[in-house]
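> please find the sequence and the predicted model below.
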Amino acid sequence: MKRKLFVAALCLLALLALIAASGLLLVQLGVQPICIQQASGRIRVVRCAVEPTRPPALQASTALPLAADAQPIIIDTDMAADDWMAILYLLQRSDVDVKAITVAGTGEAHCGPGVQNALNLVALAGRPEMPVACGRETPLKGNHTFPTSWRERVDNLLGLTLRKNAQNPSGTSAVELLTRMIQGSSRQVQLIALGPLTNVAEALEAQPSLAGKVTITIMGGAVHMPGNVGPSSNIDNAVAEWNIYVDPHAATVVLSSEAAITLVPLDATDHAPVTMNFFRGLERDRTTPAAEFIYRVLMQKESDIRSGGYYFWDPLAAAIATQDSLGTFQELSVTVIEKEGPESGRTQVSDSGYKIRVTVAADRARFETLFLDGLNGRLR
């Protein structure tokens with residue numbers, strides 16, 4: 001009898017091991033395994049609860065050698081998912097010399113996680129020593145903010161993993177870093193602003209002469225079309241775009257400076273949705289750590305892509321900053337409504353506005369090719 005029980009126990013253990021191995025295999029194949037559940041004296045077959053697993057962290061690439069005439073660039077970012085795409089695209093170009101990254105504390109990411117994620121991104125691209133700093137966490141005026149759930153998701157890198165950069169953040173504030181890098185450059189600096197304009201405005205208010213040493217490309221606003229604040233939140237505002245809405249006074253400060261400004265509003269980015277065709281193309285063509293990471297990001301955004309609600313907001317602005325011919329432009333006089341209410345943060349054409357260059361359309365096909373080539377390190 002004891003021998004039979006022993007053999008039965010061994011058989012049961014072998015069966016359990018087989019079931020466990022089969023479950024792991026099914027998970028890897030994307031199939032939900034089944035489990036046996038006993039409750040109230042009944043046995044049922046149910047779907048197993050599977051803990052989500054993070055893909056392994058990527059190995060860092062070797063930084064591309066910069067061209068002798070590479071354009072000096074500073075990225076001011078709020079470290080949302082589309083910012084990650086724009087940053088890696090710029091870091092994969094040999095004709096672009098990214099000098100520093102400043103994080104807008106008023107943006108989607110909070111300062112601590114935003115800075116660390118930025119440090120990890122530059123390390124992924126082979127530039128771990130790049131200075132990164134964060135700015136103030138409240139708008140220059142008002143109390144607008146991104147939804148808490150959005151901020152938590154980007155703080156957590158959408159559940160993805162990057163190897164930690166051993167370098168520390170810059171010991172200065174974002175405004176101090178911006179000022180030092182611009183003043184210390186022997187060439188005109190291209191400042192690419194991908195979030196609320198809090199850092200840029202504060203720097204220009206403290207040192208107005210910086211305006212003469214930079215050209216600024218801003219992803220923000222909605223000039224001839226509705227905004228995206230109201231449709232994506234419970235806020236009564238159908239006209240503002242998020243980056244301008246969060247700190248409208250900062251936007252006014254920047255637009256009223258003497259800097260040469262190119263605005264890339266929703267009018268242009270609506271020409272560049274992220275499509276399933278692009279997603280599948282990236283799936284087939286991801287030969288660098290940067291391209292692989294962005295593919296993983298888009299996997300987390302696949303439902304938004306399928307619904308037609310996800311766009312290349314910041315990547316398009318970054319691409320236009322480096323390849324002017326991607327856009328169609330108009331010289332317009334633009335103002336920002338700062339007053340609190342259902343039009344707060346609206347960018348509108350006005351005779352009393354500030355004359356800037358506004359991108360009103362973009363060549364999606366050319367952009368997609370350029371972006372894919374950039375991520376894969378083919379732009380030399």
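Received the coordinates, thanks.
> and the helix or strand harbouring residue 283, what's buried?
Using DSSP states H and E, residue 283 sits in helix 276-284. Of all the residues in helix 276-284, those buried under the rule 16 or more other Cβ atoms under 10 Å are 278-279, 282. For the C-beta atoms, the positions are set from N, CA and C on the backbone; glycine is no exception.
> ok, those vs residue 225, which is closest?
Closest approach to residue 225 among the buried residues of helix 276-284 (Cβ to Cβ): residue 278, at 22.4 Å.
> who are the contact partners of the closest one?
Residue 278 makes contact with 368, 372, according to Cβ atoms under 8 Å, 6 or more residues apart in numbering.
> again with residue 150
Residue 150 is in contact with 80, 108, counting by Cβ under 8 Å, 6+ apart.
> ok, now how distant is it from residue 232?
The gap separating residue 150 from residue 232 is 9 Å, by Cβ to Cβ, to the nearest Å.
> ditto for residue 211
Counting by Cβ to Cβ, the gap from residue 211 to residue 232 is 32 Å.
> how about the strands of the stretch 101-250 of the chain, start to end?
With DSSP state E, counting those that start in this stretch as the criterion, the stretch 101-250 of the chain has strands at 132-134, 189-193, 214-219.
> neighbouring contacts of the second one?
For strand 189-193, contacts defined as Cβ under 8 Å, 6+ apart pick out 71-76, 86, 90, 99, 178, 181-182, 200, 213-220, 254, 317-318, 321.
> kindly recompute the last result at 7 Å.
Applying Cβ atoms under 7 Å, 6 or more residues apart in numbering, the contact partners of strand 189-193 are 71-76, 181-182, 200, 213-219, 317-318, 321.
> rounded mean pLDDT for stretch 66-73, please.
Stretch 66-73 comes out with an average pLDDT of 93.
> can you dump the C-alpha atoms of stretch 267-284 in CSV for me?
Output of stretch 267-284 as CSV, limited to C-alpha atoms (Å, rounded to 0.1, in the frame of the first residue of the first chain):
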residue,chain,number,x,y,z
ASP,A,267,-2.9,71.4,-36.8
ALA,A,268,0.4,69.7,-38.0
THR,A,269,0.5,66.7,-35.7
ASP,A,270,-2.9,65.6,-36.8
HIS,A,271,-1.3,64.9,-40.1
ALA,A,272,0.9,62.3,-38.4
PRO,A,273,-1.1,59.7,-36.5
VAL,A,274,0.7,56.5,-35.3
THR,A,275,-0.8,53.8,-37.6
MET,A,276,-0.8,50.1,-37.3
ASN,A,277,1.1,50.0,-40.6
PHE,A,278,3.9,52.0,-39.0
PHE,A,279,3.8,49.8,-35.9
ARG,A,280,4.1,46.6,-38.0
GLY,A,281,6.9,48.3,-40.0
LEU,A,282,8.8,49.0,-36.8
GLU,A,283,8.2,45.4,-35.6
ARG,A,284,10.1,44.2,-38.8
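> now stretch 353-369: how far from the chain's centre is it?
Relative to its parent chain, stretch 353-369 has a centroid offset of 19 Å by Cα atoms, centre = their mean, to the nearest Å.
> next, the buried residues of that stretch.
Under the neighbour-count criterion of 16+ other Cβ under 10 Å, stretch 353-369 has 353-354, 356-360, 362-364, 367-368 buried.
> please, which helix or strand holds the most centrally placed residue in the chain?
Geometric centre of the chain, nearest residue: residue 83, 2.2 Å, by Cα atoms, centre = their mean. Per DSSP H and E: residue 83 is located in helix 81-91.
> other SSEs contacting that helix?
Counting contacts by 3 or more Cβ pairs under 7 Å, 6 or more residues apart in numbering; DSSP states H and E, helix 81-91 is packed against strand 71-77, strand 96-103, helix 111-124, helix 289-300, helix 313-322, helix 364-375.
> redo the ones you listed as TSV? Include distance to residue 64.
Listed next are the helices and strands packed on helix 81-91 as TSV, based on distance: least, Cβ to Cβ, whole Å:
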stretch	distance to residue 64
strand 71-77	14
strand 96-103	9
helix 111-124	13
helix 289-300	11
helix 313-322	14
helix 364-375	11
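> most packed of the ones you listed?
Among the helices and strands packed on helix 81-91, ranked by average contacts under mean count of other Cβ atoms under 10 Å, first place goes to helix 313-322 (a mean of 27).
> next, the angle from it to strand 189-193.
With axes from the mean of the first three to the mean of the last three Cα atoms, to 10 degrees defining the directions, helix 313-322 sits at 160 degrees from strand 189-193.
> contacts for helix 313-322 next, please.
With contacts defined as Cβ under 7 Å, 6+ apart, helix 313-322 is touched by 82-83, 85-86, 89-90, 93, 96, 190, 192, 194, 217, 219, 264, 268-269, 272, 326-327, 359, 362, 367, 370-371.
> what do you get for stretch 344-363?
If you take Cβ under 7 Å, 6+ apart as the criterion, stretch 344-363 is touched by 221-223, 229, 237, 239-240, 244-245, 248, 255-256, 261-265, 267-268, 271-272, 316, 320, 326-337.
> with just CA atoms, put it into PDB.
Below are the C-alpha coordinates for stretch 344-363, written out as PDB (Å, rounded to 0.1, in the frame of the first residue of the first chain):
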ATOM      1  CA  SER A 344      -7.800  79.100 -20.900                       C
ATOM      2  CA  GLY A 345      -4.700  78.100 -22.800                       C
ATOM      3  CA  ARG A 346      -6.200  78.700 -26.200                       C
ATOM      4  CA  THR A 347      -3.700  79.700 -29.000                       C
ATOM      5  CA  GLN A 348      -5.500  82.000 -31.500                       C
ATOM      6  CA  VAL A 349      -4.600  84.200 -34.400                       C
ATOM      7  CA  SER A 350      -4.900  87.900 -33.400                       C
ATOM      8  CA  ASP A 351      -3.800  91.200 -34.900                       C
ATOM      9  CA  SER A 352      -2.300  92.100 -31.500                       C
ATOM     10  CA  GLY A 353      -0.400  88.700 -31.300                       C
ATOM     11  CA  TYR A 354       3.200  87.800 -31.600                       C
ATOM     12  CA  LYS A 355       4.500  86.900 -35.100                       C
ATOM     13  CA  ILE A 356       5.800  83.400 -35.200                       C
ATOM     14  CA  ARG A 357       6.100  80.600 -37.800                       C
ATOM     15  CA  VAL A 358       3.200  78.100 -37.400                       C
ATOM     16  CA  THR A 359       3.400  74.600 -38.900                       C
ATOM     17  CA  VAL A 360       0.000  74.000 -40.500                       C
ATOM     18  CA  ALA A 361       0.600  70.600 -42.200                       C
ATOM     19  CA  ALA A 362       3.200  67.900 -42.400                       C
ATOM     20  CA  ASP A 363       4.300  65.200 -44.900                       C
END
